[in-house]
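Asks: Need coordinates for the following:
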Amino acid sequence: QLQVAESGGGLVQPGGSQTLSCAASGVTLAGYTIAWFRQVAGKEREGVLCIGRIGGITYYTDSVKGRFTVIRNSANNTVSLQMNSLKPEDTGVYYCATDTNPFCRRVPSTYEDYGYWGQGTQVTVSS
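Replies: Numbering: from 1, shown residues only. Below is the predicted model:
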C-alpha cells in the first residue's frame, strides 16, 4: 500500500530547532516534488516550502526563509524539513505532500492537485 507519513513533531521552545521527516512506503520520494504545508486550528492550510524533483527549493511563506530548509535523503526514502529559530507562530500541524510536477509550483495549489498526503505531525513552539 502506498503511504506517506510525517514524524518528528513535538514541543519545542522558542528559538529552538526541530527536524520533521516525510517518509514513504510503496513510493519513491525521489521521483516526486515534495511540498510541506502547515495548518493551525481554525485556519486554512498554508504552503510552507517545496523541493522540486528537478530544481531547488521554493519558499511559500516568507517568514520561514533563512530558518527552514528541506533536504532529500534518497538512501532512506525520506525528505526532511529542518526548522531553526522556531517561533510561536510556527506552531501547527505539518504535512508533506507529493506532486508529480517536476518543478515546484510557483504558488501552492489545492489539496486535490497533490497526490499523497501524510496524516500530519504536530509542532508546538512554546515556553
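
Asks: which residue packs closest to residue 72, ignoring adjacent ones?
Replies: residue 79 (5.4 Å; C-beta to C-beta, 6 or more residues apart in numbering). Any C-beta I mention is one placed from the backbone N, CA and C, and that applies to glycine too.

Asks: Would you check that residue 88 makes contact with residue 14?
Replies: Yes: Residue 88 is within contact range of residue 14, at 6.1 Å (criterion: C-beta atoms under 8 Å).

Asks: anything in contact with each of those two?
Replies: Common contacts of residue 88 and residue 14 (C-beta atoms under 8 Å, 6 or more residues apart in numbering): 125, 126.

Asks: Can you list the residue ranges for strands in the protein?
Replies: Per DSSP state E, the chain carries strands over the ranges 3-7, 10-12, 18-25, 33-39, 46-51, 57-59, 68-73, 78-83, 92-99, 121-125.

Asks: Switch those over to a markdown table; also include distance to residue 106 and mean pLDDT.
Replies: What follows is the strands of the chain, written out as a markdown table (distance: least, C-beta to C-beta, whole Å; pLDDT from 0 to 100):
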| stretch | distance to residue 106 | mean pLDDT |
| --- | --- | --- |
| strand 3-7 | 23 | 95 |
| strand 10-12 | 31 | 98 |
| strand 18-25 | 21 | 96 |
| strand 33-39 | 12 | 97 |
| strand 46-51 | 10 | 97 |
| strand 57-59 | 7 | 95 |
| strand 68-73 | 17 | 96 |
| strand 78-83 | 20 | 98 |
| strand 92-99 | 12 | 97 |
| strand 121-125 | 26 | 98 |
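
Asks: Kindly state which of the ones you listed is positioned closest to residue 113.
Replies: Minimum separation from residue 113 across these (C-beta to C-beta) falls at strand 92-99, 7.3 Å.

Asks: What helices and strands are in contact with that closest one?
Replies: strand 3-7, strand 18-25, strand 33-39, strand 78-83, strand 121-125 (3 or more C-beta pairs under 8 Å, 6 or more residues apart in numbering; DSSP states H and E).

Asks: how far out from the middle of the chain is it?
Replies: 5 Å (C-alpha atoms, centre = their mean, to the nearest Å).

Asks: tell me the centre residue of the protein?
Replies: Closest to where the C-alpha atoms of the chain average out (C-alpha atoms, centre = their mean) is residue 36, at 2.5 Å.
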